[in-house]
Structure formats: C-alpha cells, structure tokens
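Student: generate a structure from the sequence data that follows.
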Amino acid sequence: AVATMSKEALCLILDVGRSMGTERDGESRMDVAKKAARMLIQAKLLFGAKLDEMCMVLFGTKVTENKLNEEHSDSYKHIQHVQVFKKPDLDALETVAAADVEDSEGDVLDALFVGLELIVSRVRHLKFRKRIFLITDGGGKIEDKQHVDLLINEMNFQDVKLNVIGVDFDEIDGDEDEDEDENGEEAKGDEKKRPETLVENEKLLRGLAKAVSGAVFAGSQAMEALNFIRKRSVRQVHKYKGTMQIGALGIEIATYAKTSVQPMPSLKKESQPAREGNHADRAVKMSRTYWNKLSDDDKEVEQEYRVKAYPYGKQLVPFSKADEDLLKYTCSPCLQVLAFVPQDSIKRFWCLGTVDCVLAREDEGIRNGLKFSALIHALRDENCFAVARYVKRKNSQPIFALLTPEINEEFECLYLNQLPFAEDYRDYVFNSFDEKLKPTEEQRSAMSSLIKKMDLETMVDTEGYEYEALVMEEVQNPCLQRFYQNVEKRVFNSSAPVEELDPAIAKACKPDEVLVKEAKDQIAEVKRLFPLEEVEAKTKRGKKKRHWRDIMAGEGAESEVAAVDEHLEQAKKLKADAEAEGTDIKMEDLISTKVDKIGTATPVEDLRAMAARKDDPEILTRAIKEMWEITTKMVQTSYGILQYPKALNCVQALREVCITNNESEDFNTGLEALKTSFKSNKKFWNMVIERKLRPIDKSEDGASKYSKDDADKFLTEESSQEASMSVSASVDDDDADMWDSME
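Tutor: Below is the predicted model of the structure:
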C-alpha cells in the first residue's frame with residue numbers, strides 16, 4: 001500500500017464570462033456553477049483535512065489581476081486572482097456569493113496556466129496533493145490551442161490533477177472512449193443544438209482531463225464530482241504495528257481502520273456576555289469546586305484530600321487511584337492467532353463494531369510480504385477464518401478477533417472483526433407462530449419473487465449490462481449532509497429556515513424508481529396475499545367510581561352483589577365473635593383483607609394476622625411451618641449478618657404466638673432444628689443467646705416437654721449429634737463467616 005499525503009492544495013477556477021448568463025428552465029449557467037462552487041467549498045470546509053489550502057481564480061472578468069499577466073502584459077487577460085492560498089473559510093463562500101456574470105470573455109487555457117502557477121508557487125517542495133477544479137460552460141474563445149500539449153506535460157510533471165464540471169456538457173463518462181462510428185449521428189445532432197465553440201471546447205477539455213488522469217462531469221452530475229472531496233480526508237494512522245504470532249511463526253504487520261462510526265458533530269457553546277463584549281475568547285469553560293457539606297468550615301477541599309467513592313447500599317466506599325491501578329488488567333500489545341476455523345462455523349451477526357484492515361509491513365522486506373500473502377491464500381483455499389487475541393495498545397482491553405481473507409485485483413489483506421465473548425452473548429427465545437399465522441407456500445413463493453426482483457446487486461441497464469444500484473462507498477449520510485447543508489445557510493442568515501435534504505443525497509434513502517416500476521407485478525401479488533386490515537387502537541380506561549344503582553343495572557351485577565354479600569357476612573361474624581369475647585370490634589378488622597401466606601416483606605405482621613383468623617382450624621399450623629421456613633431461608637441467604645436481626649424478630653414473634661395458642665411442641669421442634677443447622681454459625685447463635693430465645697417450658701405451656709432448667713441449658717449445651725462428631729480441623733471465625741455469608 002502506498003502512503004497518501006493527508007493535505008491538499010486546491011485551486012478553484014470559476015468561469016464568469018458572458019456565456020454563463022444563458023438560462024435554461026429558469027436557472028442560469030452561473031447559478032449552477034455557483035451552486036457547485038459552494039458545495040465544493042462547503043465540502044472542504046466541513047470534511048477537509050486541517051492542513052488543506054485553497055485559492056480561487058475567476059476568468060471572464062473585466063478586471064485583469066494575476067501574476068502571469070504582470071510578467072507577460074499581452075497575455076493572460078480577463079483573469080482575476082481573487083483569493084490567495086489559505087485554509088477554506090467563510091470568506092471563500094462570500095467570494096462565490098458575490099461573483100456574477102460579466103460582459104467579457106476569458107481563455108480557459110490561460111486560466112489553467114494561472115492556476116497551475118499558483119499551485120506550483122505555493123507547494124514548491126512541500127508534500128501536498130495538488131488539484132485544479134474548473135467550473136465552466138466552455139463558451140469562451142480559446143486563442144492558443146497549440147499550448148494544450150505544453151499544459152498537459154507541465155501538469156503531469158508537477159503531478160497536478162484536473163477535475164472539470166462542465167455546465168451544459170453532455171452527460172458522458174469522461175473515462176470512457178468515444179466511439180465515433182457508433183455515436184457519430186448523435187454527436188452531430190448535439191452540435192446542431194449547441195454552438196460550435198462550446199462543442200469544440202468541451203472536446204478539448206475532455207481530452208485534457210483524460211491526459212492528466214482527471215475527470216469531466218456535466219453540471220447535472222456535480223454531486224457525483226463532489227463525491228471526490230465530500231468525504232473527510234483522514235490521515236491513515238496504524239492502530240497496531242508489531243508481530244502477528246502464529247505458533248512459532250511471526251509476521252510483521254500493521255492494522256488500520258477500514259470503517260468507523262461518524263457521529264453528529266458537537267456544537268461549541270459561546271458565552272453571551274463575551275459575545276456582547278466583543279471578546280476574542282467566547283468559549284464557555286467549566287470548572288469544578290468541592291466542598292464538605294458536613295463541615296462548618298467554608299473552605300474548598302483541596303485535591304490531595306479528595307478521593308473517588310462509589311455507592312454501596314447506603315454507604316460510600318472510597319476507591320483511590322492506587323486501588324484502581326492494583327485492579328487494572330495489564331497486558332502487552334499483540335495479535336496472536338489462536339485457531340483456524342471453518343467459515344461456516346462463524347455466524348455473520350457475531351461480528352461486532354467496526355472493521356480493521358491488516359496489512360504486511362513494507363519496511364520488513366519481501367519475505368515478510370510473501371509469508372503474509374501465503375497465509376491469506378491458504379485461508380481462502382481452505383475456506384477458513386482465523387480467530388485471534390488482539391490487543392491494540394499496552395494495557396488496553398483484549399479483543400477476541402476474527403481474521404477474514406480478502407483478495408482482489410488491487411491488494412491482499414485480512415479484515416479484522418471483533419467477536420463476542422461468552423459473557424457478551426445473549427440467547428433470546430421467541431415463541432413460534434401460531435399455526436393460523438404461518439405463511440402458506442403461495443405466500444412464501446410471492447415474497448421470494450419480490451426479494452429477487454428487488455435485488456440491488458444485479459440491476460440491468462437499458463443495454464443489458466448488470467450493475468450495482470447501491471454502491472455503499474458513494475452513499476452519503478443524510479443526517480450529516482442535511483446538518484452541514486443548513487449550517488451553511490445559517491452562516492449567512494441566522495434566521496434561515498431549515499431546508500429539506502438535497503434530492504441527490506435523498507435518492508439513496510428511497511426505493512429506486514426504476515426497480516419499483518419493474519417489480520410492480522410482484523408487489524401487487526404480495527399485497528393480494530398479505531392484505532392489511534386497520535385495527536382500532538384500544539384506549540386505556542381509568543378506574544371510575546361505581547354507584548349501587550350502576551352495579552345493580554350493569555353487566556355482572558349478580559357476581560358483584562354476591563361479593564358484597566360475602567363481605568357483609570364476614571362483618572357480621574366478626575361482630576358476633578367480638579360480642580362473645582366481650583371485646584369491641586375495630587374498623588381495621590372490618591376492612592382488613594385475609595392473609596393466607598407469610599411473605600418475606602412483613603413476616604411478623606403476616607403471622608399475627610393468620611393467627612388471629614378463626615375461620616380455618618389448620619391455618620395456625622400452616623403459619624408456624626411457613627414462619628420457620630422463612631426464618632431458615634433468611635439466615636442461609638443473609639449477606640454477612642444483614643438479615644440476622646429480622647430472622648430473630650421472626651423467632652421472637654413465633655414464640656409469643658405459640659405461647660398464646662398453646663403450640664409449644666411446634667415451636668420447640670422448630671427451634672431444635674434451627675440449633676442443629678446454625679449453632680456452628682457463631683455470630684448468629686450468639687445473637688440467639690443474647691435475645692434469650694429459648695424453648696417454651698412447662699411454666700409457659702403445661703404441654704411442653706421442657707422444664708425451666710432444661711430450657712435455660714438448651715442455648716449453651718452441645719446437641720447429641722454435635723457431641724458425637726469428631727472435628728478433624730478447626731476453622732477460624734473469619735473463614736466461617738465468609739462461608740456462612742455464601743450459603
């Protein structure tokens with residue numbers, strides 16, 4: 001690969017002669033030329049490299065002002081050098097806007113000599129790409145056509161390229177050879193339509209451009225011509241330069257970006273007071289100051305007393321720079337091939353992000369290039385890809401990469417795509433279509449025919465040649481282009497309305513009209529087989545108040561009345577129970593809902609609610625069992641001691657409920673199981689001892705098997721199972737706590 005220069009010296013030559021005032025369809029040639037010139041300057045202004053320079057020359061002016069005329073006063077007349085070489089700016093747009101048709105004519109060859117001299121004088125020995133951009137209708141008279149060969153030799157010697165936008169030129173590709181035998185009649189017809197001078201000058205300019213490896217575009221093809229420079233010129237910098245390791249074999253390579261995401265440009269903020277005060281520096285600058293809100297001192301906290309902190313629950317955990325460096329992953333730059341895999345084992349959608357291009361380093365000699373070429377051809381011949389570990393820079397994040405061989409007429413390389421790690425992959429499962437929604441064979445066939453007919457890669461022109469309708473390298477980003485298009489308008493008029501996207505750019509965003517016309521039968525068939533029906537959107541209805549008369553008169557009245565009757569019966573039962581016990585009935589008893597299961601949010605309240613119910617004789621036994629299960633789960637899943645207090649509150653409440661309801665056996669059995677499971681957890685069991693959560697003894701419930709002394713000894717004595725166990729190794733408290741927190 002040959003390194004290209006990243007900066008360009010461009011000379012814009014604009015024809016303002018008498019013939020440029022000719023109008024067609026309400027638009028003069030000068031309007032078309034100025035539009036093309038503005039697009040060129042806009043492209044250089046917004047997309048060009050930082051070191052690009054540009055000058056401007058007008059020919060066909062009444063005024064003569066150029067260096068060659070100063071040296072040769074009888075030549076190079078009606079040519080004005082209006083802008084010296086400098087970085088493209090708004091002055092160039094204003095110069096174009098001010099240009100207008102003048103009652104004079106200039107020699108286009110003289111203008112090209114002036115432009116060539118300006119480029120050579122500016123560039124000299126510096127490394128610039130050199131280009132002349134000529135916009136003309138070819139209407140001016142050319143005096144010395146014998147100087148064309150001299151101009152061609154000099155431009156080739158200085159390596160200056162020429163691009164011509166010919167206003168009202170024939171739409172013929174400048175790279176194609178003209179066949180006079182086949183197109184003679186058509187050419188003669190064109191000559192009758194246009195003046196002979198324009199036809200002869202167009203032929204001369206086409207031959208000149210071809211001789212200096214340039215291009216000629218008709219005015220209607222201006223956008224295509226400007227594609228040469230509407231892309232940002234980016235200096236190609238390697239991402240990685242080093243060895244690609246394949247086992248014991250090493251190949252010296254370099255990687256470059258093939259594609260990258262171009263985001264929307266960010267607009268800089270300006271200070272309104274600075275603008276009103278005409279200050280040179282209008283940028284808005286942001287600074288941060290830190291204060292300790294817990295301190296009474298009204299002082300800023302200095303840098304050495306500040307440290308990063310991350311929230312963990314309700315606490316802030318400090319994390320210093322030393323901690324970050326300690327945990328940072330360290331690695332060296334590399335591109336190490338891990339394996340070769342069949343091409344069909346890699347799914348296309350696995351490729352992530354942008355694409356890099358891997359090339360052999362030319363400075364490492366021809367043997368290095370041969371090794372790299374042999375690898376590429378071997379991958380292609382064996383239908384294999386290579387997977388590799390890719391680290392661009394020291395200590396950067398390693399990438400799992402896929403290397404794909406690419407061989408074409410111009411170069412050989414490997415394309416590098418990022419592959420996902422196992423943790424990056426998400427496997428989503430979608431339900432199958434219902435049987436009634438599955439497409440029929442006729443529908444499948446119709447859709448397949450439509451897809452084949454709308455294929456953009458195999459378009460056929462009127463002459464029967466296949467071509468690709470959508471070449472991605474020529475598709476402009478409509479968002480960026482519209483943004484820049486309107487920025488240019490706002491430069492001259494801050495209140496200018498937002499314009500629609502240029503039709504030439506919008507064309508790529510819409511279906512090809514020719515393609516749609518040819519596929520009209522297939523489209524009609526798909527519409528017939530896949531009819532669309534308009535479905536009314538469902539409106540969300542909010543809750544409305546309902547009165548007794550609405551319930552009785554509306555739908556579902558019987559079920560709602562039955563529900564109300566059930567609540568009334570429940571209220572009467574509560575009232576009867578309260579009168580029998582000699583207590584007062586409370587409003588919360590009437591409006592409370594039944595609790596049928598103990599939850600983890602409020603287990604104590606749920607237990608008391610279930611114990612208070614009298615409608616189910618088995619509910620208390622079920623509540624005690626569920627409470628022990630909830631308590632055990634809290635201790636097992638607690639992070640450290642975080643859930644221990646809540647678990648002990650559950651045991652305390654359960655003990656009280658069991659004493660009240662004479663259920664000592666269920667409580668004592670559950671407490672014995674809790675001791676067997678968690679007495680080895682020192683922190684938890686010490687908290688049980690501190691809360692004195694002992695078994696229920698005979699003094700509290702006569703049916704208990706525990707005496708008061710036995711209940712007191714229960715918390716501290718070893719269980720029979722623990723006494724018979726032989727401990728082969730001891731575990732310190734810290735390790736035990738760690739494992740307890742992970743249970």
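Student: for the residue nearest the centre of the chain, give its distance to residue 354.
Tutor: Nearest residue to the geometric centre of the chain (C-alpha atoms, centre = their mean): residue 261, 7.9 Å. For residue 261, the distance to residue 354 equals 7 Å [C-beta to C-beta, to the nearest Å]. Any C-beta I mention is one placed from the backbone N, CA and C, and that applies to glycine too.
Student: likewise for residue 86?
Tutor: On the measure of C-beta to C-beta, residue 86 and residue 354 end up 34 Å apart.
Student: tell me the bridge partners for the residue lying closest to residue 399 once chain neighbours are set aside.
Tutor: Spatially, and ignoring its direct neighbours in sequence, residue 399 is nearest to residue 390 (4.3 Å; C-beta to C-beta, 6 or more residues apart in numbering). Beta-bridge pairing for residue 390 (DSSP bridges): residue 335, residue 399.
Student: picking that back up, before we move on, what SS does the residue nearest to the centre of the chain have?
Tutor: With DSSP: H, G, I helix; E, B strand; the rest coil as the basis, residue 261 sits in coil.
Student: buried ones in stretch 149-163?
Tutor: Using 16 or more other C-beta atoms under 10 Å as the test for burial, stretch 149-163 gives 151, 152, 154, 155, 160, 161, 162, 163.
Student: could you work out the most separated pair of the residues you listed?
Tutor: 154 and 163 (17.3 Å; C-beta to C-beta).
Student: of all the buried residues of stretch 149-163, which comes closest to residue 602?
Tutor: residue 163 (79.1 Å).
Student: relative to residue 690, how far out is that closest one?
Tutor: Separation of residue 163 from residue 690 (C-beta to C-beta): 90 Å.
Student: for residue 615, same thing?
Tutor: Distance of residue 615 to residue 690, computed by C-beta to C-beta: 38 Å.
Student: what's the burial count for the nearest residue to residue 55 once chain neighbours are set aside?
Tutor: Leaving aside its chain neighbours, residue 55 sits nearest to residue 85 (4.5 Å; criterion: C-beta to C-beta, 6+ apart). Residue 85 has 17 neighbours, counted by other C-beta atoms under 10 Å.
Student: what helices or strands is the helix or strand in which residue 85 is found leaning on?
Tutor: Using DSSP states H and E, residue 85 sits within strand 79-86. On a contact count with 3 or more C-beta pairs under 8 Å, 6 or more residues apart in numbering; DSSP states H and E, strand 79-86 meets strand 53-59, helix 90-98, helix 108-123.
Student: and the angle from that strand to strand 53-59?
Tutor: Going by axes from the mean of the first three to the mean of the last three C-alpha atoms, to 10 degrees, strand 79-86 is angled at 170 degrees with respect to strand 53-59.
Student: what distance separates strand 79-86 from the centre of its chain?
Tutor: Averaging C-alpha positions (C-alpha atoms, centre = their mean, to the nearest Å) puts strand 79-86 43 Å from its chain's average.
Student: before we move on, what about stretch 255-275?
Tutor: Centre to centre, stretch against its chain (C-alpha atoms, centre = their mean), the figure for stretch 255-275 is 16 Å.
Student: what does stretch 532-539 give?
Tutor: 33 Å.
Student: burial of the nearest residue to residue 148 once chain neighbours are set aside, as a residue count?
Tutor: Nearest residue to residue 148, sequence neighbours excluded (C-beta to C-beta, 6+ apart): residue 208, at 6.2 Å. Residues within reach of residue 208, counting by other C-beta under 10 Å, total 22.
Student: the helix or strand where residue 208 lies: which residues count as buried?
Tutor: Following DSSP H and E, one finds residue 208 within helix 196-211. Neighbour-count burial for helix 196-211, counted by 16+ other C-beta under 10 Å, picks out 198, 199, 201, 202, 204, 205, 206, 208, 209, 210, 211.
Student: columns distance to residue 452 and pLDDT on top of these, output as CSV?
Tutor: Formatted as CSV, the buried residues of helix 196-211 follow (distance: C-beta to C-beta, whole Å; pLDDT from 0 to 100):
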residue, distance to residue 452, pLDDT
198, 45, 83
199, 44, 84
201, 47, 87
202, 42, 88
204, 47, 90
205, 43, 90
206, 39, 90
208, 45, 91
209, 40, 89
210, 39, 89
211, 44, 91
